[in-house]
Structure formats: C-alpha cells, structure tokens
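Enquirer: give the three-dimensional model of this entry:
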Amino acid sequence: MKQPVQMRQPTQAEIQPILNALNSGQLAIAETTAKTLLKTFPKAFVLYNLYGNTLAGQNKFPEAVAAFRKALDIDPTVGELHFNLGTLLTSLNRTDEAITSYKKAVNLKPNLTDAHYNLGAALQSQNKFEQAALSYQKAIALEPGFFEALVNLGVVLQEQSKLAEAIDVYRRALTIQQDAKVYFNMGTALKNEGRLGDAVESYNDALALNPNYAEVHSNMGEVLRDQGRYDESVQFYKQALALDPSLPVANYSYAVYLYDSGDLAGALTHFQRSDYADWQERSLYCLYKTGRFDEFKQGLDALKTKKHLSPFLATLTGHYAENFATENDYNFCKNPLDFVFHTEVKELKVDNSELLAELLKDIKLADVEKKIQGRLINGDQSSGNLFKREEASFRAIGQLIEQAIDRYRQTFAGEKCEFVKSFPKKTEFASSWFVRMQQGGHLTSHIHEDGWVSGALYLSLPTDKKHQDEGSIELSTHGDDYPKKHDDFPTKTIAPAVGDIVMFPSSVFHRTIPFSSNEERICIAFDLKPAS
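Expert: Prediction:
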C-alpha cells in the first residue's frame, strides 16, 4: 500500500526574506513575499502565520483574521495563534468570536497570562462580570503584579456589588502603582458602602495625583453634600465645571444642589446643560414649581410622545391633570394609589425573631455614616446602598424583600398600564437605606425620582400613640409643595406593624406622620429600578 505523499514545507532560507522584511518594518514587501510563497506552499502553517502578521501590522484586520484561520485549519493546537486571532477579532468588535478564540488559547496554554486578561476584558464588555472576574483572577495568579488585571477585577467586583472585595483589590493595585483612576473607583465603592469619610480621603488621594480630574471634583461634591457640608460641596461642583463646563454629571449634581436649595431658575439652567439622566423631567419640575405652566405644558407634551416609562413624568403629568382638570393621557400609572401594596415578611413576625434582632443590632453597630437630607426631621438616614454591604442580615433581608417584590408583580400582573407591563423583570435595588426616627420624627412629602417601585420595611414602631395615625405612612397624588388650585387630591394612610412592607409606584408622594411618644421608629427603605 502506497504511503501518502508528504507536501514539502518551505525551508528556513525560503522563509527568511519574509522575516527580514517584517523585522525591518517593510510590511508591504513582507506581505507580497508571503503571498507569493503561499502559491507554492498552500498548506504551510508558518506562511499563513507570517502572512497574517504582515496584514495585522498594516491594520488589514479582516484579511489577517482569514490568514490566521487558515493557519489554524492546518494546526489548531497553537494556543498563541488563537490568542492573536482573538486580539484581531476584538479590534473588529467581533466580541463573541474573540471570546471563543481566547478560550481556546487558555485551554491549549493555561499559562498564557495575556489571554486570560483579554478574555476577562471581552467578558466584561458584555457585562458578564462574574465570568470576567474568574479570568482576571487567573491572570493575577500567573502574574501577581499585573496592575491592569487587578484594576479591572476591582471594577467587575464593584459591578457585582461586592464592594468590600473590590476595595481590597483596589488597595492591592495601589501598592503596585499609584493611580488617580483607581483612587476614584475606590472612592465610589466606599461611598456606596456608606463610608463617606473614607471616600473623601480616597478622592483627595486621586486629586493629589491629578488635580484637574473633573469627575473626582464632582463626586467629592456629592459625598460632601451627603455629609451635610453644603458650602464645601458647591465649591467642588464649581471646580469640576471650571475644569470641564460640559461635564454632564457635574452639571446635573450642581443642578440638584440648586434644586434642593430652592434656586429653581439656576437648577433649570444646569439641568438643561447636563443632558444627563432625568434632566428633562427635573427641568419640567422647575418650570411647574415656579408657575411657568405654559412652558411646562409645552415641554410636557413633547416628552409624552415617547414611551410612557418615566415615574417622575407620571407624577408631573398626573398632578397637572388633577390640578387643571384635564385628561391624564400618560399611561405609566394613572391611578397610582390603586397600586399600593401592603404585605409582610413572615420571618420578622415570629416571636423573638432572630433576623429582626440581627437587623436592629447591625443598624445600631454598622460602620455606615449618616446621610444628611433636609426632608428628615428628628431622625438619621444611612448613606450608601444597604443591601450591597457585607452584613449577613442586610443581605438576607434584601433577598426576602425580593420575594415580596415578586408577590407584587404577581398581584398586578394583569394590569395594562406601563408600570405593570414594563415592571422590572430582574430586581435591582437602585438604593436601600435605613431611617431611624425619634420623638417627633417624620419625613416631609416627596417622591423617589430615581425609582420604579419604592417601599419601606418596618422594624420598630411607636406604640404609645395619641392618634391612631402617628408614625403612619401617608400616600397621595399631591405633595412636595406642588402648586395646587384645589384640595381635592386623594390620599391613603397605612399604619404598618413590625415586619410589614408597604410598596408603591415611585411616582406616588409619601410622607411620615409625626409621632409624639418617646420611642424609636426604624424602617428600611428601598427603590427598585429597571436593570441597566
């Protein structure tokens, strides 16, 4: 039986002119030489590899991809070539294909550090944060001083709300290299953990390295605002805008400061400059609160042509319709008080509930700073996002509240309004915090502009009442000193018990009715929003 004829492979002498041209930067000559030689040796792995490199060096990425694929058809076992193919596919934004190539590279060559890193970056770009973290961790295990991998690992941990882990990784990265961006990221994680003083320190470290970092100035303003250091916060907003007058977040944050300070005309200017987040709704708020109703109506009609998915716009539309006796044609949730949902967490209702005891203890002892805000009288509010903290009790109650939200979804599943039809399928808490009130404590009427569903879970309530509504939550379609032509706005009052949850569309005004007894009222409040 005849043996198959082996095709001759090019000799080193035949390949050398391509290598010489590549090494001297004569890429076009290298390309032509390789292409010509491939006619003689159409099954030569080494030639397709070299040809691909000559094309990649000239940014002819699609042609280089084709050349590398032909090389891999001949020999698919070369991990480095799968890696090179992955980098080209990444440059072409063909991320799914790039991920496939990087995975083949690390399977064939597990110690290829850059392939693990690039795989992590590709997965991160698709918001596959848990998988990305694993790839970055493998890269770091191979190269413990891999600064970029550490930084990106911190980012993907932060995206998963693993704030304490992210902060630890950022600190490790900073022992390798001092970097303003890393201090900025760490400051943001610390802020979300409620560690405002530590966040200020981290932002200061960022500014020491880069005094002209406008985003840091803006974020510093937010933290100082939350600490009640308003005069200092406004100086940081102004500095951010001096560095970058068009910076969206700085314009928006400064507008919120002016908005809360009562300077609605100034707030309107900066909201419009920001073109950020819900700036259009907040601009309409400024017009409505200052009685510029014709301008308000014109802007409102323009916004209502879009899909009816804004709780804040629903508040404004509903109030205007009731106030001026016109039709409410915004179908987010026309009768929001019909969607108030009163349920309970059974685990908090049992005698001597261990979870309730743990929650009250952790609220008392948690290393979380107060957030100062003007609507809260005789009380304290936590900063950061409570359900993203490490305490087991906060994580556990967050999961139980998620179950209550599922009951909310099921209860109203058949309704036709956008509030129900577009109800977030995945529970993502935009924010969560505890509020502790003492004698005379209350919250003035407000809405949660950044939510979809808002709610409160009650852990401790006054019992010695002079009136049955003391300490209750009052919900209404009017509040926040909106201009009103009459008093015929509906309200609903609920006197909750310990372990109860009250949830409602974020478009609903709500307030706490003051209580007179020398007791403490403690609740955990939260906002649910559509997933990013």
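Enquirer: go ahead and confirm F61 touches N93.
Expert: No: look at F61 against N93 with Cβ atoms under 8 Å: they stay out of range, at 10.3 Å. Heads up, the C-betas are built off the backbone N, CA and C, glycines and all.
Enquirer: what ranges do the strands span in the chain?
Expert: In order along the chain, the chain carries the following strands (DSSP state E): 341-344, 376-381, 428-443, 453-460, 473-476, 491-494, 500-505, 509-512, 521-529.
Enquirer: of all these, which one is nearest L112?
Expert: strand 428-443 (35.2 Å; Cβ to Cβ).
Enquirer: rewinding a little: using JSON lines, lay out the strands of the chain together with mean pLDDT.
Expert: What follows is the strands of the chain, written out as JSON lines (pLDDT from 0 to 100):
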{"stretch": "strand 341-344", "mean pLDDT": "98"}
{"stretch": "strand 376-381", "mean pLDDT": "96"}
{"stretch": "strand 428-443", "mean pLDDT": "95"}
{"stretch": "strand 453-460", "mean pLDDT": "98"}
{"stretch": "strand 473-476", "mean pLDDT": "98"}
{"stretch": "strand 491-494", "mean pLDDT": "98"}
{"stretch": "strand 500-505", "mean pLDDT": "98"}
{"stretch": "strand 509-512", "mean pLDDT": "98"}
{"stretch": "strand 521-529", "mean pLDDT": "96"}
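Enquirer: for the closest residue to K70 other than its chain neighbours, what are its contacts?
Expert: In space, K70 comes closest to Y48 once its chain neighbours are excluded; the distance is 4.7 Å by Cβ to Cβ, 6 or more residues apart in numbering. For Y48, the residues meeting the contact criterion (Cβ atoms under 8 Å, 6 or more residues apart in numbering) are L38, A67, F68, K70, A71, I74.
Enquirer: rewinding a little: in terms of packing, which of F61 and N93 has more residues around it?
Expert: With neighbours defined as other Cβ atoms under 10 Å, F61 and N93 compare such that F61 has more, 17 against 9.
Enquirer: which residues does that one contact?
Expert: L55, L88, S91, L92.
Enquirer: longest helix of the chain?
Expert: Residue-count comparison of every helix in the chain, with assignments taken from DSSP state H, identifies helix 392-411 as the longest.
Enquirer: what angle separates that helix from strand 428-443?
Expert: Helix 392-411 and strand 428-443 meet at an angle of 100 degrees, taking axes from the mean of the first three to the mean of the last three Cα atoms, to 10 degrees as the criterion.
Enquirer: pretty sure A189 sits against E165.
Expert: No: A189 sits out of contact with E165 when judged by Cβ under 8 Å, with a separation of 9.5 Å.
Enquirer: what about those two, which has more around it?
Expert: Counted by other Cβ under 10 Å, A189 and E165 do not tie: A189 has more neighbours, with 29 against 17.
Enquirer: could you measure from the more buried one over to S218?
Expert: Noted for A189: a distance of 17 Å to S218, by Cβ to Cβ, to the nearest Å.
Enquirer: how about F293, what does it touch?
Expert: When contacts are counted by Cβ under 8 Å, 6+ apart, F293 is found next to L287, F324.
Enquirer: who touches the closest residue to G384 other than its chain neighbours in this structure?
Expert: The shortest distance from G384 to any non-neighbouring residue, by Cβ to Cβ, 6+ apart, is to G194 (2.9 Å). Applying Cβ under 8 Å, 6+ apart, we find G194 in contact with A366, D367, V368, E369, K371, S382, S383, G384, N385, L386, R389.
Enquirer: list phi and psi for the first one.
Expert: Spelled out, it's A366. Main-chain dihedrals, A366, degrees, to the nearest 10: phi -60, psi 140.
Enquirer: one more: the last one?
Expert: Note on R389: backbone dihedrals following degrees, to the nearest 10 are phi -80, psi 170.
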